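*Asks:* I'll drop the sequence and a predicted model, then ask my questions.
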Amino acid sequence: MSVKGNDKKLAAEAATDYVKDGMTVGLGSGSTAEWMLKRLGALVKDGLNIKGIPTSVKTESLARKHGIPLTDFSKTATVDLAIDGADEIDGQLNLLKGGGGSLVREKIIDAAAEKLIIIADQSKMVQQLGSFPLPIEVVPFGWEMTKKQIAAYGAEPKLRKEENRVFVSDNGNYILDCSFGKMVNPESLHDTLKSMAGVVETGLFIGMTDQAMIGQNGKVEMIGDTKKDDWWYWRE
Ligand SMILES: O=C(CO)[C@H](O)[C@H](O)COP(=O)(O)O
């Protein structure tokens, strides 16, 4: 496993320390979250009693493979904890997400959670969001017009493709990857984009994260949640 892969694994496993018996847990998407699913599956096998709410169809099938019992919003009103990955994390723990195209379900579940823990390796930490193109989920109808509107706001939107086919999200929508460059005010950018007709959601997750577990060189740094006495520590 690469050093980066190991750091993702360590961060993911550290976050599972916060999963307790009886919890409903939001299950994030992406390669870092996959480590979390694997670990949760092992804990469930050892008797941990939880229910997961998956943030993507892929996560749902991985969770089933690892034997994690699942639920959905028709059966539960609360999410005690969500654990999810990110493409960029700034110093205020604002996030840029959606590299895997699961931003809508991720935002619904992460926003519903009592506590959101983000897991990543150090390469995701940035001074300012925006080096990674911002994923924006748009309705297929009239997407060319939505793209024009976004472009007029200073981005270069590219329709996401996978193996030469248009990428379709779990919700049946398209994704425009938009290079805005470094963002001075991600919150107002998100608000502006959300107000455009045809935009379903953006990958900007502002003020939602409680803690970030960041793997670096074989250790995990925990950032955030200043209310807790353990707000800054290294985990071997
Ligand atoms: O937002 C996401 C998917 O929509 C992922 O959480 C994000 O892309 C991070 O992925 P990885 O852990 O593979 O680096």
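*Replies:* Now that the structure is in, tell me what you want to look at.
*Asks:* any idea how far the ligand is from the nearest residue to Lys51 once chain neighbours are set aside?
*Replies:* Spatial nearest neighbour of Lys51, excluding adjacent residues (C-beta to C-beta, 6 or more residues apart in numbering): Thr71 at 4.2 Å. Quick note: C-beta positions are derived from backbone N, CA and C, even for glycine. From Thr71 over to the ligand the distance is 21 Å, taken as C-beta to the nearest ligand atom, to the nearest Å.
*Asks:* Could you do Tyr174 as well?
*Replies:* For Tyr174, the distance to the ligand - C-beta to the nearest ligand atom - is 14 Å.
*Asks:* quick one: that residue and Ile136 touch, right?
*Replies:* No. Using C-beta atoms under 8 Å, Tyr174 is not in contact with Ile136, being 9.2 Å away.
*Asks:* between the two, who's got more neighbours?
*Replies:* When Tyr174 and Ile136 are compared for neighbours, Ile136 comes out ahead with 30 against 23, by other C-beta atoms under 10 Å.
*Asks:* Three-state assignment for Gln92, please.
*Replies:* With DSSP: H, G, I helix; E, B strand; the rest coil as the basis, Gln92 sits in coil.
*Asks:* ok, the closest residue in space to it that isn't next to it in sequence - contacts?
*Replies:* In space, and not counting its chain neighbours, Gln92 is closest to Gly207: 7.8 Å by C-beta to C-beta, 6+ apart. By C-beta atoms under 8 Å, 6 or more residues apart in numbering, the contact list for Gly207 reads 92, 94, 187.
*Asks:* ok, so of these, who is nearest Met1?
*Replies:* Checking these against Met1 with C-beta to C-beta, the nearest one is Asn94 at 29.2 Å.
*Asks:* picking that back up, report pLDDT for the residue nearest to Gln92.
*Replies:* Note on Gly207: pLDDT of 97.
*Asks:* Glu144 now?
*Replies:* So Glu144 comes in at 98 (pLDDT).
*Asks:* Next to the ligand, which bits of this protein? Give me the list.
*Replies:* Proximity of the chain to the ligand is confined to 28-32, 84-87, 97-103, 106 under the rule C-beta under 6 Å from any ligand atom.
*Asks:* Where strands are concerned, which of those count?
*Replies:* Asp84 (DSSP state E).
*Asks:* Leu129 is in what secondary structure piece?
*Replies:* Under the criterion DSSP states H and E, no helix or strand holds Leu129.
*Asks:* quick one on the thing from earlier: now do the residue nearest to Gln92 against Leu189, distance only.
*Replies:* To Leu189, Gly207 is 14 Å away according to C-beta to C-beta, to the nearest Å.
*Asks:* Over to Val79?
*Replies:* With C-beta to C-beta as the criterion, Val79 and Leu189 are 27 Å apart.
*Asks:* which of these two has more neighbours?
*Replies:* Val79 (25 against 22).
*Asks:* need the contact list for that one.
*Replies:* Per C-beta under 8 Å, 6+ apart, neighbours of Val79: 24-26, 53, 109, 112-114.
*Asks:* what do you get if the cut-off is 6 Å, keeping everything else the same?
*Replies:* Neighbour list for Val79: 24, 26, 112-113 [criterion: C-beta atoms under 6 Å, 6 or more residues apart in numbering].
*Asks:* All set, thanks.
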